[in-house]
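J.: Provided below are the primary sequence and the corresponding predicted coordinates.
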Amino acid sequence: MEIHLQPGRRHGFPAGGVAIITERQNPYMKEQNHRSTSRVLDIFELLAHSERGLTLTELAKEMDAPKSSIFPIIHTMEERQFVQCDAASSRYRIGYQSYLVGGMFRGDNPFYAFISSRMKEITDACMETTNLGMLVGPLATYIAVCESPNPVGYRAYVGIKFPAYCSGIGKALLINKSKEELRDLYPEGLESKTPNTITDFDQLYNQLQLAKLEGFAYEDAEAREEIYCVGVPLINKNEVVAALSVSVPKYRLTDEKIGIIRQQLQKAREQIQQYLEKFNITDGWSLVS
């Protein structure tokens, strides 16, 4: 086991009295500490994707771990206010401290300020939810959301993940993929999420080629029933960096609204792509971090 020291530290000890030991250099740390770290992250991900929250029993079941192992971890997270527990239902949810940290992740990023203002313009024009997403493995992942002011409609949040092949934003992210790359992304095939989900690779590829030609990708209740989505890729140097989309409940969908959405997305795409090129942005995370 080696201890790596930062420049300026003397006599083999860091100035603060804490040595830096990496996981690679300490097998015991890999076996012991990382299990706890993984469980903390598992808890965050599970709670982030649960609208009602989860009980300790449900968390333990999802994580395939004993409650006695999960309880001290989530108890500490609750004390630090990264999660909160509803006294009546005993369900855990994401706590306000997590939101504060998430806000700091964006910080004063000028890219995020620019993108979010474009997203707000789209939402103001069509009164529907606008999403910014990137491809993380096979999943389209929301990294920014501007919600519709309508009290009834599609509700989205940062961190939502779903297979890219069955969503408007996801298809926009996939437009440059070959058939072979699509099969590599989804080796177990295209699982049906709704009756409208495309499950044939040839049909998906042909739809992506059409989206690439037209500049717009569409979802017709393929990932979520009763939701229609229009997406556009954000490209720099022929690479898809991220994508924008607008999600609309089908009962509010009209030809006029689709026209407004297309117009606003096209306008925003042109502005954002100029920004990407000017600052040489090739990574979606750079837009929000």
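T.: Okay, I see it.
J.: what's the helix ranked longest in the chain in contact with?
T.: Determined from DSSP state H, the single longest helix within the chain is helix 255-278. Helix 255-278 has contacts (CB atoms under 8 Å, 6 or more residues apart in numbering) with 111, 114-115, 118-119, 121-122, 125-126, 128, 215-216, 230-237, 241, 244-246, 248, 281-282. From N, CA and C alone the C-beta is placed, and that goes for glycine too.
J.: of the residues you listed, which belong to helices?
T.: Secondary-structure check on these using DSSP H: residues within helices are F111, F114, I115, R118, M119, E121, I122, A125, C126.
J.: burial of the fourth one, as a residue count?
T.: Residues near R118, counting by other CB atoms under 10 Å, number 21.
J.: cool, the fifth one as well?
T.: The local packing count at M119 equals 22, with neighbours defined by other CB under 10 Å.
J.: out of the contacts of helix 255-278, which are buried?
T.: Applying 16 or more other CB atoms under 10 Å to the contacts of helix 255-278, the neighbour count classes 111, 115, 118-119, 121-122, 125-126, 128, 216, 230-236, 241, 244-246, 248, 281 as buried.
J.: quick one: the closest residue to S247 other than its chain neighbours and D220, what's the gap?
T.: For S247, the nearest residue in space outside its immediate sequence neighbours is Y154; the separation is 4.3 Å by CB to CB, 6 or more residues apart in numbering. To D220, Y154 is 14 Å away according to CB to CB, to the nearest Å.
J.: of those two, which one has the most company?
T.: When neighbours are counted by other CB under 10 Å, Y154 comes out ahead of the other of Y154 and D220, with 20 against 13.
J.: and the more buried one, how far from E256?
T.: From Y154 over to E256 the distance is 19 Å, taken as CB to CB.
J.: what kind of secondary structure is the residue nearest the centre of the chain in?
T.: Note on the chain: the residue nearest the mean C-alpha position is T141, at 2.9 Å, using CA atoms, centre = their mean. On the three-state scheme (DSSP: H, G, I helix; E, B strand; the rest coil), T141 is labelled strand.
J.: any weak-confidence spans in the protein?
T.: Scanning the chain for pLDDT under 70 picks out the ranges 1-33, 96, 99-100, 103-108, 289.
J.: skipping its backbone neighbours, what lies nearest A156 in space?
T.: Nearest to A156 is V145, by CB to CB, 6+ apart, at 4.7 Å.
J.: roughly how far apart are the one you found and N176?
T.: The spacing between V145 and N176, counted by CB to CB, is 24 Å.
J.: which one's more surrounded, those two?
T.: The residue with more neighbours, out of V145 and N176, is V145; 21 against 13, by other CB under 10 Å.
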